[in-house]
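K.L.:
sequence and predicted structure, then a few things I'm wondering about:
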Amino acid sequence: MSATVKDNDRLLLTVFVILVLAGPIVLAPIGASYPDLLQRFAIYGVFAIGFNILFGLTGYLSFGHAAFLGVGSYAAVWMFKLLNYNVIPALVLAVVVSAVFALVIGYVSLRRSGIYFSILTLAFAQMMYNLAYSVLTPITNGETGLQVYTDDPQWLQTAGSPTTTNLFGIRMNEVFWKPEFLGFEAQFNYGYYFAAVFLILAFYIALRIFRSPFGMMLRAVKSNQNRMGYTGLNPRPYTLAAFVISGMYAGLAGGLLACMDPLAGAERMQWTASGEVVLMTILGGAGTLLGPVLGAGFIKYLEAIFSKVNETVLQDWFSFMPDWMGDALSFVISPFVGEGWHLTLGALFMAIVIFLPGGLIDGARQLGRWIGGGFGGGDRKPAHSPVPAE
Amino acid sequence: MDAIILQLLNGLDKGSAYALIALGLSLIFGTLGVVNFAHGALFMIGAFCAVTLNKLFSLSTVTIDPTKKDFLGNPLQVKTPYLESWFGDFGAGLMDWSVPLSILFSIPIMLAIGFVMERGLIKHFYKRPHADQILVTFGLAIVLQEIVKAFYGANPISTPAPDLLKGSLDFGIILGFDPNAVIYPAWRFVYFLFAAVIIGGVFAFLQFTTFGMVVRAGMADRETVGLLGINIDRRFTIMFGLAAAVAGMAGVMYAPINSPNYHMGMDFLVLSFVVVVVGGMGSLTGAVAAGFLLGILESFASMNEVKSFFQSIMLPSIDQIIIYLVAVIILLTRPRGLMGRKGVMED
Amino acid sequence: MSYLTVKNVNKRFGGLKALNEVNLSVEKGTVHAIIGPNGAGKSTLLNCFVGRLMPDTGIVDFDGVSLLGLKPYEINQVGVSRVFQTPEIFGDLSLIENVMIPAFARRDGAFRMHGWEPVENERDLRLRAMDMLADVGLAPRANDVAGTLSRGDKRRLELAMCLVQQPKLLLLDEPTAGMARADTNATIDLLKGIAERGLTMVVIEHDMHVVFSLAQRISVLAQGTVIAEDSPENIKGNPKVQEAYLGGAHL
């Protein structure tokens, strides 16, 4: 049996790597092959994978993970301001700083579990948001957001080095190939592949954690924390380790966001952003390996589509219909699109929790079972509905 | 001394709002065992009840007065509210008192929203894990606030208090200090009195009625009360409606203090959660006490003297985060909160 | 030489005195049964041994270490394992994982970060866990999810989880409740075998067949007080004990 699990994982990883590397082509037919969106898929994929290590394995529902995302972004932009536009020091600092924050916040929040934990993390995130927005203005540049100015020190910036984010001279925003693919345009840029490498790395590390004794202990925390204690295991360092790891993932994602666009703003830390990563994870399937990546892609894709649509686009869509029908349809749809994207997000949130608590992966599995095939994906455990740590 | 009194008073109105929301949260949590992330949205909807009534009352006919010109030189448009043209001075009075009147208007609305929410959604989540309850109410909170945003826009809408209560009270004279030493807006004081009445009413209801007795017994031990054959579920539905009404009225009366906007619910909710946690999950008295305590604390932290002290140790705008800091300290030293009972939401 | 020493332990729940000046002395290498009518305080006493409850006053020493104030995981690391009245298992995990986790806890202590090598590479632990499952007769179901087991099987799984740790002291709270007769006998044989190897056990049990086939020493608890402590033969003839059980019905 051990051989088959390993083989399955190898296959899963291979398929994952191929899909990610071929991202610009694979996603071209659905109109998602442009750098900005592709990068967001990869970055929020990292974020959700990390969140899943905490929520999916231990069941601790954090409502404050966007705080670490924001911290990562701020740290990265500070590196751009102080050193130069090289992304490596920025990412290193982003991960380190978010780990420190996660350690402190996790230490306090994990003194309680269940609902208390959720509320504590939410309160911490809101506090961090307030800190970033007004209290620590000298560090965060408050409302305006942190960005690089021409009079910043940038000690390592030399005359020849690029004035945008880069990896030792390779510019993140440079599109290096723009092929036509099945009649769709695909865009290959360095930024996406840079983020994609981290996505693959993040996925691989998560896979190792899932299959390791540590991962098993985390699932034990979710299953029965009392028994863990009577078995001689101290649950707290395990949950804290999971919390810090997921915080570092969030920090990495935040750093990557800054690498794509050297900006950091407090709104990245808001409770809506924390809620979004929860939604990504449960939408894909909490506790599954692929689920969070799928969920992240799904949400970001929907966001891209829905936010773009406005009255004119709607009228364009329904132009073939009689006027009254088109008007009626746009009247119904317009609150959900454009500015109203958050309404869709909220409704989606409710729909998923009500109808598909196991997420897309579980839904696909059920559908597969219903059809009678052996559809199962690469995950060993069936996706249970998320259970809180109690 | 007078400065301290002033800050105490300043903390009361925010503290009242925290206490009212936290009270409802605790009631719902204690009776139904559900953490309602949409509770802040109920507060916000309450505030928009006031906005709505105010707008309805101010519906006007527009006539053009050719004898007068506005500053652009066009003929002046004169708006005459229907109420005024129909009822004269009485109509103008109605308009002026639209916020207090909104309470009457909001109670049936909030009760209805509460019943629909409980019967239509929350009911199905009693047996689901707490994480699911949190997530679904969180989604609902987003939906509710986005709906309000779609109707009323994103900007705050000012909703004035009645003229009579717009002024200030000079507590300096009342309390025997110098005149003008303690000036406090009248409406804020009204808000505090109102909150005290509501809180007292809820406690009296729970204390002195059979209905309240059963609910309290159910909060202590749901299974046993269920075994007695008492239909506890129906009472809990009513409690949910009541909590929604309390949150809604708190929102109505808050409208003149802070112009309502669509995200005010979530802002207050997060703080109210902190209040509940500090007060102790499951303790109604704890929730109310902690609400006032934290409101007053926040107001003291916004004093210039305090602020400049914290500024000197690199913490400007301490008032923005003081509540969270206190909550963290209390949870580190008293993990169950100030008045928390053992066994409520324990591991 | 007393291995587990309980002296003057008191525990109150509100107005109810659950444990009243309880004394107990368990010799190393013996099986000590605690019997008594329902509500006598047997489980409460066991809860005081594993850190679930803290006695109001009194002493609980094991092998020279005071167990009072220790966290459950610390008590386990001292060498005390417990089977609960309602089985405490990892319901979402497979049986083999359920048994491997305690094995890890014994080998690696209360916390160790093993985040990289897969669980499958731990061949020794896996084999030991499989052997243990075979001992309790659950080997064929090693890969099933533990939550799907019957109540009796859960109890046997929990026993395996305790035994795989090779504890110094095993606390059993009604180890055979909910089991079919054949399983009960198999469990008795298993426990007897372990007892013969010198494992010290404290057993709470209602089934007198189980008690008399295992125990060398019996304490009788009634209304929170130890009313007798003696060898099984003497306990059988003790009129005070018969009095405590439903007005003197014979054991």
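P.N.:
Received the coordinates, thanks.

K.L.:
distance between stretch B:35-55 and the chain's centre?
P.N.:
Put simply, stretch B:35-55 sits 9 Å off its chain's centre (C-alpha atoms, centre = their mean, to the nearest Å).

K.L.:
in that stretch, which residues are buried?
P.N.:
Across stretch B:35-55, burial judged by 16 or more other C-beta atoms under 10 Å in any protein chain shown covers B:35-54. For glycine as for every other residue, the C-beta is placed from the backbone atoms N, C-alpha and C.

K.L.:
got the contact list for the longest helix that chain C contains?
P.N.:
Counting by DSSP state H, the longest helix found in chain C is helix C:181-196. Residues outside helix C:181-196 that contact it (C-beta atoms under 8 Å, 6 or more residues apart in numbering or on different chains): C:31, C:135-137, C:152, C:156, C:159, C:163, C:170, C:172, C:175-176, C:179, C:201, C:207, C:209-210, C:213-214.

K.L.:
which element follows it toward the C-terminus?
P.N.:
With elements assigned by DSSP states H and E, the helix or strand that comes after helix C:181-196 is strand C:200-204.

K.L.:
show me what that following strand is packed against.
P.N.:
Packing partners of strand C:200-204 (3 or more C-beta pairs under 8 Å, 6 or more residues apart in numbering or on different chains; DSSP states H and E): strand C:2-13, strand C:16-27, strand C:31-35, helix C:42-49, strand C:169-173, helix C:181-196, helix C:208-214.

K.L.:
ok and that strand relative to strand C:16-27, angle-wise?
P.N.:
Here strand C:200-204 points in a direction 150 degrees away from that of strand C:16-27 (axes from the mean of the first three to the mean of the last three C-alpha atoms, to 10 degrees).

K.L.:
how distant is strand C:200-204 from the center of its chain?
P.N.:
In terms of C-alpha atoms, centre = their mean, the centre of strand C:200-204 is set 6 Å apart from its chain centre.

K.L.:
send me it as CSV with only the CA atoms.
P.N.:
Output of strand C:200-204 as CSV, limited to C-alpha atoms (Å, rounded to 0.1, in the frame of the first residue of the first chain):
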residue,chain,number,x,y,z
THR,C,200,0.6,-2.7,36.7
MET,C,201,-3.1,-2.1,36.1
VAL,C,202,-6.0,-0.3,37.7
VAL,C,203,-9.3,-1.6,36.4
ILE,C,204,-12.8,-0.2,37.0
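
K.L.:
pull the number of nearby residues for the residue lying closest to residue C:168 once chain neighbours are set aside.
P.N.:
Nearest-residue entry for residue C:168: residue C:79, 3.4 Å, with adjacent residues in sequence omitted and distances by C-beta to C-beta, 6 or more residues apart in numbering or on different chains. Counted with other C-beta atoms under 10 Å in any protein chain shown, the neighbours of residue C:79 add up to 18.

K.L.:
looking at it, residue C:79 is touching residue C:63, isn't it?
P.N.:
Yes: Residue C:79 lies in contact with residue C:63 (C-beta atoms under 8 Å); the separation is 7.1 Å.

K.L.:
overlap in contacts, those two.
P.N.:
With C-beta under 8 Å, 6+ apart, residue C:79 and residue C:63 have common neighbours C:168-169.

K.L.:
buried subset of the contacts of helix C:181-196, written for PyMOL?
P.N.:
Applying 16+ other C-beta under 10 Å to these leaves a buried subset, and the PyMOL line that selects it is:
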select buried, chain C and resi 31+135+136+152+156+159+163+170+172+175+176+179+201+207+210+214
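
K.L.:
quick one: is stretch B:210-221 near chain C?
P.N.:
No: shown here: stretch B:210-221 not in contact with chain C (C-beta under 8 Å from any C-beta of the partner chain), separated by at least 12.9 Å.

K.L.:
buried sites along that stretch?
P.N.:
Buried-residue list, stretch B:210-221, by 16+ other C-beta under 10 Å: B:212, B:214-215, B:218-219.

K.L.:
burial of the closest residue to chain B within the stretch 151-251 of chain C, as a residue count?
P.N.:
Going by C-beta to the nearest C-beta, chain B is nearest to residue C:158 of the stretch 151-251 of chain C, at 19.4 Å. When neighbours are counted by other C-beta under 10 Å, residue C:158 registers 28.

K.L.:
what stretches of chain A score poorly on pLDDT?
P.N.:
A:1-4, A:311, A:314, A:372-390 (pLDDT under 70).
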